[in-house]
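Participant: With the sequence up front, the predicted model follows.
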Amino acid sequence: MLLGITAITVAFGAIVYGVTRHAVWSMTGTFVLLNVLTIATLQPLAQILLCLMLSSLVAGTHVWQQYPQVSLAVRERRWRKFMTIE
C-alpha cells in the first residue's frame, strides 16, 4: 500500500513541477498529498507520525536556510514570493 501511495505522490509532484516549474510548489504539494493519503488510508499511527515528522523536518530545514528571505516575505505578506524562494 505504501509503495502505491509513494508512486501516486511522486507522479503528482512531477506533474506539479512540470506545470509550475517551481520546486518549492512541487515539493509542498507532494508532501501534503503524501501526508493526506497516509492518513486517509489509515496507515499505522507510527507511519503517520513518521511522515508528518519528516515533512516538518524538510519544511523546517528550508525555512531555516532561507530565513532572511522567508521572514521578509511573510512580514510583507507576499505569499507568492514566499513560495518561490529556493
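Facilitator: Great, that's in hand.

Participant: Could you use CA atoms for every contact and neighbour count after this?
Facilitator: OK.

Participant: show me the contacts for residue 13.
Facilitator: For residue 13, the contacting residues are 26, 27, 29, 30, by C-alpha atoms under 8 Å, 6 or more residues apart in numbering.

Participant: Does residue 27 lie in a helix or a strand, and which?
Facilitator: Element membership of residue 27, judged by DSSP states H and E, is helix 23-40.

Participant: Tell me which helix or strand comes right after that helix.
Facilitator: helix 45-65.

Participant: which stretches of this protein have low pLDDT?
Facilitator: For the chain, the stretches with pLDDT under 70 are 82, 85-86.

Participant: sorry, back to before: and for the helix holding residue 27, what are the contacting residues?
Facilitator: With C-alpha under 8 Å, 6+ apart as the criterion, helix 23-40 contacts 2, 5-6, 9-10, 12-14, 16-17, 20, 47-48, 51-52, 55, 83-86.

Participant: Roughly how far does residue 12 sit from residue 67?
Facilitator: According to C-alpha to C-alpha, to the nearest Å, residue 12 stands 28 Å off from residue 67.

Participant: Identify each buried residue in the helix holding residue 27, please.
Facilitator: 23-24, 26-31, 33-35, 37-39 (16 or more other C-alpha atoms under 10 Å).

Participant: Please apply the same query to stretch 5-15.
Facilitator: Neighbour-count burial for stretch 5-15 flags 6, 9, 10, 12, 13, 14 (criterion: 16+ other C-alpha under 10 Å).
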